[in-house]
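*Asks:* need a 3D model of the following:
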Amino acid sequence: MMVVSVIVGLVSGLAAVALKTLVHNVQLWIEGIPVSRFSYLLFPALGLLLTVIIIWKVLGGSLEKGIAMVLKAIAQKSSFIPLRHTYAHIITSSLTVGLGGSVGLEAPIVATGSAVGSNIARIHELNYRERTLLIACGAAAGIAAVFNAPIAGVIFAIEVLLTETVVVSYFIPLITASVVGALCSRVILNESILFNFTLKQTFNYHNVPFYISLGILCGFVSLYYARMFTKTEHTIHSGVVNKYTRALIAGILLMGIYFLFPPLFGEGYESVKVLATEGLSQVNDNTTILSYLSDEWAVIVFTGLIVLLKPVVAGITIGGGGNGGNFAPSVFAGSYLGFFFSKFCNATGWLNLPVGNFSLVGMAGVLSGVMYCPLTGVFLIAEITNGYELFIPLMIVSSISYFIVKQYEPFYMETKQLAKEGQIFTHQKEKNILTSIRLEQMLQDTYDSIPIDKSFTELVEIIKKSEKNIYAVLDNKGKFAGIIELNDIKQKLFQPEQFNKTSVKSVMKKPPGILFDDEPMLSVMEKFDISQSWYLPVLNKNREFLGFLSKTKLFNKYREILANQGDLYE
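*Replies:* Residues are numbered from 1 along each chain as shown. Modelled structure (predicted):
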């Protein structure tokens, strides 16, 4: 496992470095085009069109994206991720983000690293728990390589992907892969590409009340971000049927917004560096509307509008067919929110809040609230600032933001529906075990059925040959009609003179509940609890009988999975 984790970390780290370098070079090429200073506005539409063309013409018309794909693979597909995910996200996200799409590369990198881990595990014929661990190793290496932050990579994998019980032995392969990934970026990437900062001001405990206020603000901005992004993406995606027209319209919308607010172009990490280090003294206002304000208030209004518009442009990019994630956009929005908050406080009172520090802490606050990963937010900013000077305000802001968001939305926006349907693991262990059980696996036994128009004599013949004590009754069309339990007809079995006078229909009864073959196991358990029955019939969508599900068999499977959740190396 140690050797394999090194291989996964190396491949995932190199993939992350390749993607980051490719996007950086594409953006440098765009900046160097001498035709017009506004010529860059044409590229987002081109990026979306090319992404859509590749997905439909090269990748078969579908590409599951982001962290939700990884979580679903862990819960529903035994941690098997198709091989094409090792390269598909690199190609599509480089086009989307490199040409100006306002989303991040982190989700594609997580998807790529996870696919690398899954496929290397498949080559080595590892079991389910080991495959899942290597998926997390790939994701950790990818995050570590992008930010040169190995601790944040490990925490992200544990906090977001390994939602089930994590034992100490898991940390060693995760740390190994994450360190290897970070070394890839440290050795290969130029310093200008890496996302890091040098603190210019230390933490002042007198500012704690303002950090608390920023945490509250980050929580509600995170809620706004999630809901606005979801609404915008759905509107763009469902508003136009033709995929190419949709991409073109999304590109035109981005063109208009980028003209008004240039910092929204692409990932935006360069403008984040400016906020957190040099500060923003004046705005690039192409409309000259903000020129009527003083420079200070023009900056405050401009940065506030940037915060509000970031989820909109991210939603337009993804809804238009682009590939990317919300990790970078949430960091971007948090940076601008921290800058806006501190600048506003300084402009309206006798305050001198450290604008750079508040920008950095704001990143962690919104990242924690949008991505539901407060520990990742804390350690990421601590690592990219090369120290732990801001650890206390980072913990304050991230925890408050996360707490507020969880009161309104229990699940991360991209996994909300999947979590409700029981298609991914959550932090609730019992539900995770049920999610891992497949209803079709529980239907391996053969159960007899009898047509409703048969006589009791024919039912007795079936009982003689069967070891079961429950039978399904089918109507004239072969559809499920009811059940017969042996205990209900026990007395009639000793009255042979009544056999020919008694019909199957007369001894049939309705079951206390019905299960369907695509029903989540959590719903199955609820029906067992409500009905107080030990057997329930399972039907397909056409109400054709498939078999009976035994509560005893389900409990035995549950205990088996629970017993296997020990140390990986025991």
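*Asks:* output stretch 137-149 as CSV, restricted to C-alpha atoms.
*Replies:* This file holds the C-alpha atoms of stretch 137-149, laid out as CSV (Å, rounded to 0.1, in the frame of the first residue of the first chain):
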residue,chain,number,x,y,z
CYS,A,137,-4.9,9.4,-2.0
GLY,A,138,-5.3,10.6,-5.6
ALA,A,139,-7.5,13.5,-4.6
ALA,A,140,-5.2,14.5,-1.7
ALA,A,141,-2.2,14.5,-4.1
GLY,A,142,-4.1,16.7,-6.6
ILE,A,143,-5.1,19.3,-4.0
ALA,A,144,-1.6,19.2,-2.5
ALA,A,145,0.0,19.8,-5.9
VAL,A,146,-2.3,22.7,-6.9
PHE,A,147,-1.7,24.7,-3.7
ASN,A,148,1.6,23.2,-2.5
ALA,A,149,-0.3,22.3,0.7
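*Asks:* and it, average pLDDT?
*Replies:* For stretch 137-149, the mean per-residue pLDDT is 93.
*Asks:* do the same with stretch 248-265
*Replies:* pLDDT averaged over stretch 248-265 gives 92.
*Asks:* now Val460, nearest residue through space, not along the chain?
*Replies:* With Cβ to Cβ, 6 or more residues apart in numbering as the criterion, Val460 has its nearest non-adjacent residue at 6.4 Å, and that residue is Phe499. C-beta coordinates here come from the backbone N, C-alpha and C atoms, glycine included.
*Asks:* following element in sequence after the helix or strand where Gly334 lies, please.
*Replies:* According to DSSP states H and E, Gly334 maps onto helix 327-348. Once the chain leaves helix 327-348, the next helix or strand it forms, by DSSP H and E, is helix 355-371.
*Asks:* between that following helix and helix 327-348, how many degrees?
*Replies:* Interaxial angle, helix 355-371 versus helix 327-348 (axes from the mean of the first three to the mean of the last three Cα atoms, to 10 degrees): 140 degrees.
*Asks:* which elements pack onto helix 355-371?
*Replies:* helix 208-239, helix 327-348, helix 374-384, helix 391-408 (3 or more Cβ pairs under 8 Å, 6 or more residues apart in numbering; DSSP states H and E).
*Asks:* identify each buried residue in the longest one, please.
*Replies:* Buried residues in helix 208-239, counted by 16 or more other Cβ atoms under 10 Å: 210-211, 214-215, 217-219, 221-226, 228-230, 232-233, 236-237.
*Asks:* quick check: mean pLDDT across that helix?
*Replies:* Averaging pLDDT residue by residue across helix 208-239 gives 94.
*Asks:* by contact count, what packs against it?
*Replies:* Using 3+ Cβ pairs under 8 Å, 6+ apart: helix 208-239 touches helix 243-260, helix 295-319, helix 327-348, helix 355-371, helix 391-408.
*Asks:* so which of those is nearest Thr277?
*Replies:* Taking Cβ to Cβ, helix 355-371 is the member of the helices and strands packed on helix 208-239 nearest to Thr277, at 6.3 Å.
*Asks:* next, the angle from the closest one to helix 391-408.
*Replies:* Using the same axes, to 10 degrees: helix 355-371 against helix 391-408 is 30 degrees.
*Asks:* chain center to helix 355-371, what's the gap?
*Replies:* 20 Å (Cα atoms, centre = their mean, to the nearest Å).
*Asks:* pLDDT averaged over it - what is it?
*Replies:* 93.
*Asks:* and the angle for that helix with helix 208-239?
*Replies:* Going by the same axes, to 10 degrees, helix 355-371 makes 50 degrees with helix 208-239.
*Asks:* tell me where this protein has strands.
*Replies:* Taking DSSP state E to define them, one finds strands in the chain at 449-451, 470-474, 480-485, 515-516, 535-539, 545-550.
*Asks:* out of the ones you listed, flag the one nearest Ile257.
*Replies:* strand 515-516 (45.3 Å).
*Asks:* quick one: residues in contact with the closest one.
*Replies:* Residues from elsewhere that reach strand 515-516 (Cβ atoms under 8 Å, 6 or more residues apart in numbering): Leu439, Val524, Lys527, Leu536, Pro537, Val538, Leu539, Asn540, Lys541, Leu549.
*Asks:* average pLDDT across it?
*Replies:* Mean predicted lDDT for strand 515-516 stands at 88.
*Asks:* what strands flank that strand, and is each parallel or antiparallel?
*Replies:* Looking at strand 515-516 with DSSP bridges, its partner strands are strand 535-539 (parallel).
*Asks:* report the angle between the strand it pairs with and strand 480-485.
*Replies:* 160 degrees.
*Asks:* number of nearby residues for the residue nearest to Ile188 when sequence neighbours are not counted?
*Replies:* Spatially, and ignoring its direct neighbours in sequence, Ile188 is nearest to Val17 (5.0 Å; Cβ to Cβ, 6+ apart). Val17 has 22 neighbours, counted by other Cβ atoms under 10 Å.
*Asks:* now for this protein, the helix or strand with the poorest mean pLDDT.
*Replies:* helix 429-436 (a mean of 66; mean pLDDT, DSSP states H and E).
*Asks:* just to revisit the earlier point, reformat the helices and strands packed on helix 355-371 as CSV; add distance to Val283.
*Replies:* Putting the helices and strands packed on helix 355-371 into CSV (distance: least, Cβ to Cβ, whole Å) gives the following:
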stretch, distance to Val283
helix 208-239, 20
helix 327-348, 12
helix 374-384, 25
helix 391-408, 25
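*Asks:* quick one, which of those helices gets closest to Val6.
*Replies:* helix 374-384 (21.2 Å).
*Asks:* elements contacting the closest one?
*Replies:* For helix 374-384, the packing partners by 3+ Cβ pairs under 8 Å, 6+ apart are helix 128-147, helix 150-156, helix 355-371, helix 391-408.
*Asks:* give me that answer again for 10 Å
*Replies:* In terms of contacts (3 or more Cβ pairs under 10 Å, 6 or more residues apart in numbering; DSSP states H and E), helix 374-384 is packed against helix 128-147, helix 150-156, helix 327-348, helix 355-371, helix 391-408.
*Asks:* how about these, which one is nearest Lys468?
*Replies:* Across the helices and strands packed on helix 374-384, closest to Lys468 is helix 128-147 (Cβ to Cβ), at 31.6 Å.
*Asks:* just give the number of residues close to the residue nearest to Val460.
*Replies:* Neighbours around Phe499, by other Cβ under 10 Å: 15.
*Asks:* equivalent analysis for the one 4 residues further on, please.
*Replies:* The tally of other residues near Ser503 (other Cβ under 10 Å) stands at 14.
*Asks:* pairing partners for it in the sheet, please.
*Replies:* Bridge pairing for Ser503 - DSSP bridges - gives Ser455.
*Asks:* that one and Asn487: what is the separation?
*Replies:* Distance, Ser503 to Asn487, using Cβ to Cβ, to the nearest Å: 19 Å.
*Asks:* ok, now Glu130?
*Replies:* 46 Å.
*Asks:* neighbour count winner among the two?
*Replies:* Glu130 (18 against 8).
*Asks:* residues touching the more buried one, list them.
*Replies:* Met1, Val4, Ser79, Gly117, Ala121, His124, Pro173, Leu568 (Cβ atoms under 10 Å, 6 or more residues apart in numbering).
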